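A.B. asks: starting from these lines, generate the structure:
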Amino acid sequence: MFSETGYEETVMGLIVNAGQCKSCAFKALQEARKGNFSESAKQMAASEQAAKEAHALQTRLIEYDEGEGKVPVHLIMVHAQDHLMTAMLARELIQEMIALNFPAPR
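C.D. replies: Residues are numbered from 1 along each chain as shown. You can find the predicted model right below:
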């Protein structure tokens, strides 16, 4: 079972990693607009890593809950889940924007 501290740390980890995911993705887009594709790729890689870390935390919560309501759903948990989903969507859209506007040379 998650202790109160463990629960709070996990939820905050979701929020922090989701924020990092989104922030790095937007930095990647900014760098691509400047023509700095090497830095853009690094930022997208950092965004992906943050998304993976957040997803691992989310998976841990889901596995613990087992669909039985073991994990309390507080407003901060809802916020964390919302933050994660919007960050992941932003990352995916930014990845497509970069690919569409700055195609890799053939």
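A.B. asks: all helices of the chain, in order?
C.D. replies: 4-33, 37-65, 75-101 (DSSP state H).
A.B. asks: what's the most buried one of these?
C.D. replies: helix 4-33 (a mean of 18; mean count of other CB atoms under 10 Å). Backbone N, C-alpha and C define where each C-beta goes, glycine included.
A.B. asks: what's the angle from it to helix 37-65?
C.D. replies: Inter-element angle recorded for helix 4-33 and helix 37-65: 160 degrees (by axes from the mean of the first three to the mean of the last three CA atoms, to 10 degrees).
A.B. asks: helix 4-33 versus helix 75-101: what angle between them?
C.D. replies: Using the same axes, to 10 degrees: helix 4-33 against helix 75-101 is 20 degrees.
A.B. asks: next, format the helices of the chain as JSON lines and append mean pLDDT.
C.D. replies: Output for these, formatted as JSON lines (pLDDT from 0 to 100):
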{"stretch": "helix 4-33", "mean pLDDT": "94"}
{"stretch": "helix 37-65", "mean pLDDT": "94"}
{"stretch": "helix 75-101", "mean pLDDT": "95"}
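A.B. asks: got the CA positions of stretch 87-106 in CSV?
C.D. replies: What follows is stretch 87-106 as a C-alpha-only set of coordinates in CSV (Å, rounded to 0.1, in the frame of the first residue of the first chain):
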residue,chain,number,x,y,z
ALA,A,87,1.8,17.1,-22.0
MET,A,88,1.8,13.8,-23.9
LEU,A,89,-0.6,15.3,-26.5
ALA,A,90,1.5,18.4,-26.8
ARG,A,91,4.6,16.3,-27.3
GLU,A,92,3.0,14.2,-30.0
LEU,A,93,1.6,17.3,-31.8
ILE,A,94,4.9,19.1,-31.6
GLN,A,95,6.8,16.1,-33.0
GLU,A,96,4.4,16.1,-36.0
MET,A,97,4.7,19.9,-36.4
ILE,A,98,8.5,19.6,-36.6
ALA,A,99,8.3,16.7,-39.1
LEU,A,100,5.8,18.5,-41.3
ASN,A,101,7.6,21.9,-41.3
PHE,A,102,11.2,20.7,-41.2
PRO,A,103,11.4,17.4,-43.1
ALA,A,104,14.7,15.4,-42.7
PRO,A,105,17.0,15.7,-45.7
ARG,A,106,16.9,12.8,-48.1
